[in-house]
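Colleague: Sharing a model that was predicted from the sequence below.
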Amino acid sequence: MKKSPLWSVLIASTLTVGCGSGSSQPGGGTAAPATPPTENAAPAAPAQPAAPDANSTTVAPAAEALTLPVAKLDPATVELGGDDLTAGIPGSGPLTTEQIRQWLGDPENHRTLVPTLPLGLSAAQANIQHIDKNPLTRAKIELGRQLYFDGRLSSDGTVSCASCHHPDSGFSAHTQFGVGVKGQTGNRNSPVSYNRIISGPQFWDGRADSLEAQAAGPIQNPIEMGSSHEKAVATVKSLEGYQLQFDAVFPGEGITIDTITQAIASFERALVSLPAPYDHYEKLRTIVSTYGETEEDLKALQEDDPDLFAEYEKAKAGAAPMSESARRGRELFFSERSNCTACHAGANFADEKFHNLGVGMAAEKPDLGRFVVSKQEADKGSFKTPTLRNVTLSAPYMHDGSQATLEEVVDWYAKGGHPNEHLSDKMKKLDLTDQEKKDIVAFMVEGLTSGFPKIEKGRLPE
């Protein structure tokens, strides 16, 4: 590899590490909550190489010296949603050390990124969270991608972050409750892991104040990944490909539970939903309301402003999947009559607040949700509002996965939820016809479904 005159920092060396405790109980680092965070577990991923045995010492293979540029490149603005951020290190087949070296040797992969959001989400640009403390780079996002899909961070090598939040399941899991190591189940549905860059407190009850804090919990939770922070760190240290990347991405810090969670959080911040038909429809409505939509109007627009006319054509094509039913549903969704936007507001269709909808409150011992964290009486039975973007991809619904379809969800709202002492004042009975309920569902399915950028789900360090 040709070295620039600027290159001078030696970052790779042979490491000898001892593994952490082999116990399935949470280990050191951030203390586990009194109530295990069960909402992040999901069906076991395909078996991967087991983590190092707790009674052995693993010696990583010797790594050839690798140097990186000392001079920092100016930050670069990048729109999230592009495949290049999440499609993995270029290549095919197993991810080799040489491919990792070549990737790390490109200064562009270490340039700080200033993220912007795609059409629709862009209205929430000011709500981007925590990148001042954990700046994004392509190398850090890619490192986080690998860790996100790596089951070796769990006690038995079978469960990864992706087990609960898999791209093929709408970054959630199609099970009522999460399923972790040894088939253990929690008592909450797996929340989605996209559009988290504009989300503050994490988990259904908001107990983690950042994505970094969220990523640390499942690793040491006995129901989910069943490992410990010490053992996860030892596992990562035992792999040469990870050594090289952590030395490059976190110079002077190396592999710790904090740098592991910073990397995972960076990957999750790159996971955003792409523009949906609704977003194009809104842009189309703006242009039409200004210039009209008769044949004569459009001809004049094309002559006077070809660029805007091209935007009109693009918006019209993008909005095409919305049927008349979905468009009626859109009008009803934003009306005071349905009251949907009392909670599902803003660019992400989520107010980032906690509400008691009555879900699960008829149980003998209901899940008290936010109350366990805040200790505020009014928070009993309250849970965080989820995004409705791509909601059709992540059934079942509600914090307890009790509602299998969006039709059931709309019916629940229409009847005003389940009465209880702490029911949100935003819940009220809705006088909706069967067709109006279908229209609202059509809006969510046809108007808010968009997909995601390409995600590489394999190619991990050997």
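Modeller: Looks like it came in fine.

Colleague: all strands in the stretch 251-400 of the chain, in order from the N-terminus.
Modeller: Taking DSSP state E, counting those that start in this stretch to define them, one finds strands in the stretch 251-400 of the chain at 354-355, 383-384.

Colleague: Indicate which one of those is closest to residue 136.
Modeller: With Cβ to Cβ as the measure, strand 383-384 is the member of those nearest residue 136 (24.0 Å). In this view, the C-beta of every residue, glycine as well, is placed from N, C-alpha and C.

Colleague: distance between the closest one and the chain's centre?
Modeller: Strand 383-384 has its C-alpha centroid displaced from the chain centroid by 16 Å (Cα atoms, centre = their mean, to the nearest Å).

Colleague: Can you list the strands that that strand pairs with?
Modeller: Applying DSSP bridges to the sheet, strand 383-384 is found paired with strand 354-355 (antiparallel).

Colleague: The nearest residue to residue 415 once chain neighbours are set aside: neighbour count?
Modeller: Excluding its sequence neighbours, the residue lying closest to residue 415 (Cβ to Cβ, 6 or more residues apart in numbering) is residue 429, at 6.3 Å. Residue 429 sits with 10 neighbouring residues when counted by other Cβ atoms under 10 Å.

Colleague: related to what we said a few turns ago, can you redo the strands of the stretch 251-400 of the chain as CSV with distance to residue 86, mean pLDDT and mean neighbour count?
Modeller: Converted to CSV, these look like this (distance: least, Cβ to Cβ, whole Å; pLDDT from 0 to 100; neighbours: other Cβ atoms under 10 Å):
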stretch, distance to residue 86, mean pLDDT, mean neighbour count
strand 354-355, 30, 98, 24
strand 383-384, 25, 98, 24
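
Colleague: who wins for proximity to residue 187 among the ones you listed?
Modeller: Here strand 383-384 is closest among the strands of the stretch 251-400 of the chain (Cβ to Cβ), at 12.3 Å.

Colleague: How about the helix or strand following that closest one, which residues are buried there?
Modeller: For strand 383-384, the following helix or strand on the C-terminal side (DSSP states H and E) is helix 406-414. Using 16 or more other Cβ atoms under 10 Å as the test for burial, helix 406-414 gives 406, 409-410, 412-414.

Colleague: Tell me the predicted confidence for residue 396.
Modeller: Residue 396 is assigned 98 on the pLDDT scale.

Colleague: do the same with the one 3 residues further on
Modeller: pLDDT, residue 399: 97.

Colleague: and it, how many residues sit next to it?
Modeller: 23.

Colleague: Pull the contacting residues for it.
Modeller: 39, 188-189, 204, 359-360, 367, 369, 383 (Cβ atoms under 8 Å, 6 or more residues apart in numbering).

Colleague: Any chance of a markdown table for the residues you listed, columns distance to residue 375?
Modeller: Below are the contacts of residue 399 laid out as a markdown table (distance: Cβ to Cβ, whole Å):
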| residue | distance to residue 375 |
| --- | --- |
| 39 | 20 |
| 188 | 19 |
| 189 | 24 |
| 204 | 17 |
| 359 | 21 |
| 360 | 20 |
| 367 | 16 |
| 369 | 12 |
| 383 | 16 |
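
Colleague: And the buried ones among those, selectable in ChimeraX?
Modeller: Filtering the contacts of residue 399 down to the buried ones (16+ other Cβ under 10 Å) takes a single ChimeraX command:
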select :39,188,189,204,359,360,367,369,383
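
Colleague: Restricted to helices, list the contacts of residue 399.
Modeller: Among these, none falls in helices (DSSP state H).

Colleague: Which stretches in this protein count as helices?
Modeller: 97-104, 138-148, 161-164, 211-220, 229-237, 240-249, 257-269, 277-291, 295-304, 306-319, 324-333, 371-374, 406-414, 434-442.

Colleague: I figured residue 75 hits residue 108, correct?
Modeller: No: at 12.0 Å, residue 75 does not count as touching residue 108 under the criterion of Cβ atoms under 8 Å.

Colleague: Neighbour count: the two, which is higher?
Modeller: A direct count of neighbours by other Cβ under 10 Å for residue 75 and residue 108 places residue 75 higher, at 13 against 10.

Colleague: Not counting sequence-adjacent ones, nearest residue to the more buried one?
Modeller: residue 112 (4.4 Å).

Colleague: and what of residue 458?
Modeller: residue 149 (7.1 Å).

Colleague: Next up, the contacts around the residue nearest to residue 100 when sequence neighbours are not counted.
Modeller: Excluding its sequence neighbours, the residue lying closest to residue 100 (Cβ to Cβ, 6+ apart) is residue 241, at 5.0 Å. Contact analysis of residue 241 by Cβ under 8 Å, 6+ apart lists 95, 97, 100, 460-462.

Colleague: If any of those are buried, put those into a ChimeraX selection.
Modeller: This is how ChimeraX selects the buried members of the contacts of residue 241, with burial counted by 16+ other Cβ under 10 Å:
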select :95,97,100,460,461
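
Colleague: from the contacts of residue 241, which is closest to residue 200?
Modeller: Closest to residue 200, out of all of the contacts of residue 241 and judged by Cβ to Cβ, is residue 460, at 30.3 Å.

Colleague: Settle this for me: the closest one is touching residue 151, isn't it.
Modeller: No: taking contacts as Cβ under 8 Å, residue 460 lies outside contact range of residue 151: 9.1 Å.

Colleague: pLDDT below threshold where in the stretch 1-150 of the chain?
Modeller: Within the stretch 1-150 of the chain, the segments meeting pLDDT under 70 span 1-71.

Colleague: mind putting the contacts of residue 241 in TSV, distance to residue 230 included?
Modeller: As requested, those are exported to TSV (distance: Cβ to Cβ, whole Å):
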residue	distance to residue 230
95	25
97	25
100	25
460	21
461	20
462	23
